[in-house]
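*Asks:* Could you work out the structure for the sequence below:
(one chain, ligands or ions: 1)
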Amino acid sequence: MNWEIVIGLEVHVRLKTESKLFCACSAKFGDPANTNICPTCAGLPGSLPTLNSLAVQRAATIAAALGSALQARSEFARKSYFYPDLPKGYQITQYEHPLAVGGELVVHEGGREVRFVLQRVHLEEDAGKLIHNRKDGVTLIDLNRAGVPLAEIVTEPTVSGPGEARLFLNGLKRTLQYLEVSDCNMEDGSLRVDANVSVRRPGAGLGIKQELKNLNSLSGIETSLGVLVESQIATLESGEPVLQRTFAASDGYVTPMRQKEEGADYRYFPEPDLLPLEVTPQRARSITDSLPELPEARRTRFVTEFALTPSEAEVLTSGRDVADFFESVAVATRGTDAHQAAGWVINETLALWSGAEAPFSSSFLAEVIGLVNNKALSRQAAKKVLLEMARSPTSEGVAELVARMGVGLEADASQMEQWVEAVLAEYADEAARLRAGEGRLMDFLMGRVMAASRGTADPHVARQLISEKL
Ligand SMILES: [Zn+2]
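*Replies:* Here you go, the predicted structure:
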């Protein structure tokens, strides 16, 4: 029987700022516990929050990029609940009047276009972190994260399945990386997702929602959501009701969490220590005007400007660093086929790319491609040069490195001569027939030379040399 899946996502993005949202403490991840705290973020009485303008700017940039309408006036609110990692007893967030409303994210995958409708984008502070030490039976509290700025992006509950949820997050992560507003490192918790999940018969009213918290890997999201959806369907098909519960996701499993209070119990009220946040139309316009080219626009432009196939363009815009790298190679080798540059980046560069740094500069690759096109370097030798540069980077230029490695075609010439002579001697009969005009034997002898060189010989040079020797 048919079931319709209804998923709403709340994505928490840690914004890239030096300091926290309401105090001057460092927002750096990974420092020794409780070294970045002050009376404000530790929730001591009498301390007052001061808003970090860079955090506002980053959140507003995210909103603008997602077409979420920046509100002229938004408000901070207190969300009251007690938890040991929340020293004030409330979290400062935005509730009734968020920073931005509406918006959408459009994602392309495998030739189809999916639109995700957004509800809102707002600013809030992160809580601290609890470290459970089961061995000693104690729980430790690290408040370094308390007060770190987050943007929360909320979708409408119209995500239609676990695969779509992964697609949305992948697309959102890519957009955030292009905007350079967050590290987007899911392992460090820079990007955390909560999901509301329910199932229903097509046309029926909404089913009972279950909440899934702490989703922090792309593959984990799809698996954990799948587990929850399956269990809801199995429960309903056995005639039992789905219970309103919260689950925690970890490594593709879901485990029930303690029952939390409902929204109404948070007793939201406007934060009295902060003025309403105002964004003037000029400010909103300047944020929109300074947006970089976003992944979808760049993908489309790569197809039209460089005549790439949609799948090449998809790979090459998967990250802003890769897209920038390809574009400078394509520009530097302009006049030659951009497909060729795309091929060198996709096939010979991406595999060598580890972490944030490109394995070599785009100008280095452009120069290597130039040498191959000018027949000064074989394709095989070019690959060796790129690999060498990626493994042990040096300040040498392409020409110096080629000379040091002895892989240039000049260095190959004597080796090539030996291969050709050996083949002509071994296949003297065929060589004589070729000399007598049996042209098709050229391909046969060429094949022998290529085999002798294990595919490293330049076919163009080999052909020339066979003709000369004959
Ligand atoms: Zn502080």
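
*Asks:* quick one: average confidence on stretch 159-167?
*Replies:* For stretch 159-167, the per-residue pLDDT values average out at 95.

*Asks:* List of residues touching it?
*Replies:* With CB atoms under 8 Å, 6 or more residues apart in numbering as the test, stretch 159-167 has contacts from 4-9, 107, 109, 114, 116, 168, 195, 218-219, 221-223, 225-226, 229. C-betas here are computed from N, CA, C, even on glycine.

*Asks:* Only whichever of the residues you listed are buried, select them in ChimeraX.
*Replies:* Written as a ChimeraX command, the selection of buried residues from the contacts of stretch 159-167, which uses 16 or more other CB atoms under 10 Å, is:
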select :5,6,7,8,9,107,116,168,195,218,221,222,223,225,226,229
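
*Asks:* what's the neighbour count on the residue nearest to residue 373 when sequence neighbours are not counted?
*Replies:* Once its chain neighbours are removed from consideration, residue 373 has its nearest residue in residue 336; the separation is 6.1 Å (CB to CB, 6 or more residues apart in numbering). Burial of residue 336, expressed as a neighbour count using other CB atoms under 10 Å, amounts to 14.

*Asks:* what about the longest helix in the chain?
*Replies:* For the chain, the helix reaching the highest residue count under DSSP state H is reported as helix 218-237.

*Asks:* quick check: mean pLDDT across that one?
*Replies:* Averaging pLDDT residue by residue across helix 218-237 gives 92.

*Asks:* where do the strands sit along the stretch 351-470 of the chain?
*Replies:* When secondary structure is read from DSSP state E, counting those that start in this stretch, the stretch 351-470 of the chain shows no strands.

*Asks:* Which residue ranges of it form helices?
*Replies:* Here the stretch 351-470 of the chain has its helices, by DSSP state H, counting those that start in this stretch, at 362-373, 379-391, 398-405, 409-426, 428-435, 441-452, 459-469.

*Asks:* which of those sits most buried?
*Replies:* With neighbours defined by mean count of other CB atoms under 10 Å, none of those is more surrounded on average than helix 362-373, at a mean of 20.

*Asks:* and the angle for it with helix 379-391?
*Replies:* Interaxial angle, helix 362-373 versus helix 379-391 (axes from the mean of the first three to the mean of the last three CA atoms, to 10 degrees): 160 degrees.

*Asks:* contact partners of helix 362-373?
*Replies:* Counting by CB under 8 Å, 6+ apart, 325-326, 328-329, 332-333, 336, 340-341, 344-345, 349, 377-379, 382, 385-386, 389, 397-398, 402 sit against helix 362-373.

*Asks:* I'd like the helices of the stretch 351-470 of the chain written out as a markdown table, with mean pLDDT and distance to residue 68 added.
*Replies:* Listed next are the helices of the stretch 351-470 of the chain as a markdown table, based on pLDDT from 0 to 100; distance: least, CB to CB, whole Å:
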| stretch | mean pLDDT | distance to residue 68 |
| --- | --- | --- |
| helix 362-373 | 91 | 34 |
| helix 379-391 | 91 | 40 |
| helix 398-405 | 87 | 46 |
| helix 409-426 | 78 | 56 |
| helix 428-435 | 89 | 71 |
| helix 441-452 | 88 | 58 |
| helix 459-469 | 83 | 56 |
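
*Asks:* For the ion, find the nearest of the ones you listed.
*Replies:* The closest of these to the ion is helix 362-373. By CB to the ion, the value is 41.3 Å.

*Asks:* CA atoms of that closest one as CSV?
*Replies:* Coordinates of the C-alpha atoms in helix 362-373 are reproduced here as CSV (Å, rounded to 0.1, in the frame of the first residue of the first chain):
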residue,chain,number,x,y,z
SER,A,362,46.1,26.1,-12.1
SER,A,363,48.9,27.8,-14.0
PHE,A,364,51.1,24.7,-13.5
LEU,A,365,48.4,22.5,-15.0
ALA,A,366,47.8,25.0,-17.9
GLU,A,367,51.5,25.0,-18.8
VAL,A,368,51.6,21.1,-18.7
ILE,A,369,48.5,21.0,-21.1
GLY,A,370,50.3,23.5,-23.3
LEU,A,371,53.4,21.3,-23.6
VAL,A,372,51.3,18.2,-24.4
ASN,A,373,49.5,20.2,-27.1
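
*Asks:* can you redo the helices of the stretch 351-470 of the chain as JSON lines with distance to residue 97?
*Replies:* What follows is the helices of the stretch 351-470 of the chain, written out as JSON lines (distance: least, CB to CB, whole Å):
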{"stretch": "helix 362-373", "distance to residue 97": "46"}
{"stretch": "helix 379-391", "distance to residue 97": "51"}
{"stretch": "helix 398-405", "distance to residue 97": "58"}
{"stretch": "helix 409-426", "distance to residue 97": "69"}
{"stretch": "helix 428-435", "distance to residue 97": "85"}
{"stretch": "helix 441-452", "distance to residue 97": "71"}
{"stretch": "helix 459-469", "distance to residue 97": "69"}
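
*Asks:* picking up where we left off before, which among the contacts of helix 362-373 are in contact with the ion?
*Replies:* Of the entries in those, none also sits close to the ion under the rule CB under 5 Å from the ion.

*Asks:* Please report how far the residue most central in space within the chain lies from the ion.
*Replies:* The geometric centre of the chain, computed from its C-alpha atoms, lies nearest to residue 174 (CA atoms, centre = their mean), at 4.3 Å. Taking CB to the ion, to the nearest Å as the criterion, residue 174 is separated from the ion by 32 Å.

*Asks:* Could you identify the helix or strand that succeeds the helix or strand encompassing that residue?
*Replies:* Residue 174 belongs to helix 162-179 when elements are defined using DSSP states H and E. Scanning forward in sequence from helix 162-179 by DSSP H and E, the next helix or strand is strand 191-200.

*Asks:* now that following strand: how far from the chain's centre is it?
*Replies:* Between the mean C-alpha point of strand 191-200 and the mean C-alpha point of its chain there is a distance of 21 Å (CA atoms, centre = their mean, to the nearest Å).

*Asks:* swap in stretch 42-51?
*Replies:* Offset of stretch 42-51 from its chain centre (CA atoms, centre = their mean): 35 Å.

*Asks:* Over to stretch 18-34?
*Replies:* Once both centres are worked out by CA atoms, centre = their mean, stretch 18-34 turns out to sit 24 Å from its chain's centre.

*Asks:* So what would you say the end-to-end distance of that stretch is?
*Replies:* Taking CA to CA, to the nearest Å as the measure, stretch 18-34 stretches 17 Å from start to finish.

*Asks:* for stretch 198-210, same thing?
*Replies:* Counting by CA to CA: the opening and closing residues of stretch 198-210 are 6 Å apart.

*Asks:* Residue 89: how many residues sit nearby?
*Replies:* Other residues lying near residue 89 total 11 when counted by other CB under 10 Å.

*Asks:* Surely it touches residue 45?
*Replies:* No - using CB atoms under 8 Å, residue 89 and residue 45 do not qualify as a contacting pair, with a distance of 11.1 Å.

*Asks:* Export only the CA atoms of the longest strand seen in the chain, formatted as PDB.
*Replies:* When secondary structure is assigned using DSSP state E, the longest strand within the chain turns out to be strand 112-125. Presented in PDB, the C-alpha positions along strand 112-125 are these (Å, rounded to 0.1, in the frame of the first residue of the first chain):
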ATOM      1  CA  ARG A 112      16.300  16.500 -12.800                       C
ATOM      2  CA  GLU A 113      15.500  19.700 -11.000                       C
ATOM      3  CA  VAL A 114      14.200  19.600  -7.400                       C
ATOM      4  CA  ARG A 115      12.900  22.700  -5.600                       C
ATOM      5  CA  PHE A 116      12.900  22.900  -1.800                       C
ATOM      6  CA  VAL A 117      10.700  25.500  -0.300                       C
ATOM      7  CA  LEU A 118      12.000  27.300   2.800                       C
ATOM      8  CA  GLN A 119      10.100  28.600   5.800                       C
ATOM      9  CA  ARG A 120      12.700  30.900   7.400                       C
ATOM     10  CA  VAL A 121      16.300  31.700   8.200                       C
ATOM     11  CA  HIS A 122      17.100  33.000  11.700                       C
ATOM     12  CA  LEU A 123      20.000  33.700  14.100                       C
ATOM     13  CA  GLU A 124      20.600  32.000  17.400                       C
ATOM     14  CA  GLU A 125      23.300  31.000  19.800                       C
END
